[in-house]
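S.K.: what's the 3D shape of this:
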Amino acid sequence: MRQRTPWTVFIAVLLVAGCGAGPRDAASTTTPPVTAPPATTAPTPTGTAFNPTDIAWLQLTVAMIERLLPVLDLVPARTTDPAWRQTATQVATTRRADLDRARRLLADAAAPTTNPHEGHDMPGMATGQEMTALRAASGQPFHRLLAGHLRAHLAQSVRIATAEQQSGVQSATVALAAAVVRSGTADLARLDHLEPEPNGRPMPPRLQR
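M.R.: Presented below is the predicted three-dimensional model:
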């Protein structure tokens, strides 16, 4: 494993995540300054320490899942299609389990309980405007919007979990990242059978027509 300073690793994870305060802007490529959490060596019950990458990834994972669940909660009222309902239920079940594990690990690390990404619109997160569009749609239009949001979330989750696998050190956290990569990759493949994208490439939800 390449050795990098904790600060460099932390910044790298945040850049991969595309975290920024305020609404997303496709024309903007800058990331506002952030405050790094204190480098922690808090031991878990097994004695394995967390590094800043572990903490940053866990916090991002919690924030992303908390923003995805309201999208999935819309499915029963917006579509009667059994395949979409089953897919949404399966993704929600997996991501809720991931959320529980991530929160427990943050507690083990004695990390702050506040969400450092509150109010941020990051890749893989539905904005307020996009949630409004989802609530107003049903049937096939809803399926297209939902597919875009799921792809964006799953692809970004796999991306940052891969970064955690490469730079994290806490064994349970790295194991969770590996599980997110496996389930996210499988869910993306499953989604392609329901709503394939042109050329097989996902597009951000706001670009859907």
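
S.K.: Every contact and neighbour count from this point should use C-alpha atoms.
M.R.: Fine.

S.K.: Show me which positions of the longest helix along the chain end up buried.
M.R.: In the chain, with assignment by DSSP state H, the single longest helix is helix 139-167. Within helix 139-167, the residues that count as buried by 16 or more other C-alpha atoms under 10 Å are 141-165, 167.

S.K.: and if you look at stretch 123-131?
M.R.: 123-127, 130.

S.K.: Let me know the closest of these to Arg190.
M.R.: Gly124 (17.8 Å; C-alpha to C-alpha).

S.K.: now the closest one, what's its secondary structure?
M.R.: Look at Gly124: counting by DSSP: H, G, I helix; E, B strand; the rest coil, its state is coil.

S.K.: quick one, what contacts it?
M.R.: Counting by C-alpha atoms under 8 Å, 6 or more residues apart in numbering, Gly124 touches 64, 149-157.

S.K.: next structured bit after the helix or strand harbouring Val91?
M.R.: Assigned by DSSP states H and E, Val91 belongs to helix 82-108. If you walk from helix 82-108 toward the C-terminus, the next helix or strand you reach (DSSP H and E) is helix 128-136.

S.K.: Sort out which residues of stretch 177-189 are buried, please.
M.R.: Taking 16+ other C-alpha under 10 Å as the criterion, stretch 177-189 shows 177-181, 183-185, 187-188 as buried.

S.K.: want to try TSV for those, with pLDDT, secondary structure and distance to Thr113 as columns?
M.R.: Below are the buried residues of stretch 177-189 laid out as TSV (pLDDT from 0 to 100; DSSP: H, G, I helix; E, B strand; the rest coil; distance: C-alpha to C-alpha, whole Å):
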residue	pLDDT	secondary structure	distance to Thr113
Ala177	97	helix	20
Ala178	97	helix	24
Ala179	97	helix	23
Val180	98	helix	22
Val181	97	helix	25
Ser183	97	helix	26
Gly184	97	helix	26
Thr185	97	helix	29
Asp187	96	helix	29
Leu188	96	helix	31
